[in-house]
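with the sequence up front, the predicted model follows.
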Amino acid sequence: MQDCIFCAIAKGLIPSSSVYETPSLYAFLDLNPANKGHTLIIPKAHYSNLLDADPQLGNELIDAMQRVARAIITVTGAEGFNVIQNNGRAAGQEVDHLHWHIIPRFANDGLTLWKQHSYDSQEEMNRLATAIRVQVMH
Ligand code: 5GP
Ligand code: ZN
């Protein structure tokens with residue numbers, strides 16, 4: 001897509017620190033890492049977010065995530081990693097080209113992901129689960 005920074009990176013028009021590539025995917029270091037080694041995996045084709053994506057990417061993507069995450073762990077000594085994928089401004093998406101963050105994690109590295117809440121009642125939880133279950137089948 002025109003003017004998309006990650007399309008330009010995938011095509012090599014803008015320089016990036018490449019770590020891995022497959023026929024459909026490209027992986028490179030995030031310019032502003034949450035921890036050093038923070039990597040982005042993008043489809044070479046433009047999808048604005050997960051809802052647009054071709055489900056056929058699945059196998060290649062999981063394989064790429066495993067390879068990249070294992071390499072990051074070996075190189076950085078990370079004790080764990082997060083896979084994060086933001087959809088929409090409200091979810092923190094800044095670049096509208098689908099991407100997965102692979103973030104190396106270390107004990108006590110100070111990163112916090114989110115604050116968790118609770119439901120008002122079991123009934124509220126059941127109602128919500130039912131509404132989503134019905135909608136999924138639409
Ligand atoms: P989002 O908030 O959309 O999930 O994440 C976008 C990520 O892309 C951010 O973590 C940001 O640091 C990274 N980023 C934005 N522009 C560039 C760039 O030109 N090069 C690289 N390597 N990373 C970028
Ligand atoms: Zn794009």
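That came through fine. Computed from a predicted model, the values in this text were never measured in an experiment. Numbers count the residues shown, from 1 in each chain. Ligands and ions are numbered 1, 2, ... in the order given.

ranges for the helices of this structure?
Under the criterion DSSP state H, the chain contains helices at 5-10, 58-76, 122-136.

could you dump those into CSV with mean pLDDT added?
Formatted as CSV, the helices of the chain follow (pLDDT from 0 to 100):
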stretch, mean pLDDT
helix 5-10, 98
helix 58-76, 98
helix 122-136, 97
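
now, of the ones you listed, which is deepest in the fold?
With neighbours defined as mean count of other C-beta atoms under 10 Å, the helices of the chain peak in mean count at helix 5-10, which reaches a mean of 18. In short, each C-beta sits where N, CA and C put it, glycine included.

residues in contact with that helix?
Contacts of helix 5-10 from elsewhere in the structure, counted by C-beta atoms under 8 Å, 6 or more residues apart in numbering, are 1, 14, 16, 26, 28, 40, 42, 44, 46, 95, 97, 99.

would you point out the most distant pair within those residues?
For those, with distances taken as C-beta to C-beta, the pair at the greatest spread is M1 and F28 (18.0 Å).

okay, these two: which has more neighbours?
Taking M1 and F28 together and counting by other C-beta atoms under 10 Å, F28 has the greater number of neighbours (20 against 12).

check the more buried one and give its pLDDT.
According to the model's per-residue confidence, F28 sits at a pLDDT of 98.

just list whatever residues bridge to it.
Partner residues in beta bridges with F28, using DSSP bridges, are S18, L40.

and the residue minimising distance to the centre of the chain, what's its pLDDT?
Nearest to the mean C-alpha position of the chain, counting by C-alpha atoms, centre = their mean, stands W100 at 2.0 Å. According to the per-residue confidence, W100 scores 98 in pLDDT.

that one contacts I84, doesn't it?
Yes: with contact defined as C-beta atoms under 8 Å, W100 reaches I84; the gap is 7.3 Å.

now the helices of the chain in a markdown table, with distance to ligand 1?
Listed next are those as a markdown table, based on distance: least, C-beta to the nearest ligand atom, whole Å:
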| stretch | distance to ligand 1 |
| --- | --- |
| helix 5-10 | 5 |
| helix 58-76 | 14 |
| helix 122-136 | 24 |
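
for those helices, give me a markdown table that also has distance to ligand 2.
Output for the helices of the chain, formatted as a markdown table (distance: least, C-beta to the ion, whole Å):
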| stretch | distance to ligand 2 |
| --- | --- |
| helix 5-10 | 3 |
| helix 58-76 | 16 |
| helix 122-136 | 28 |
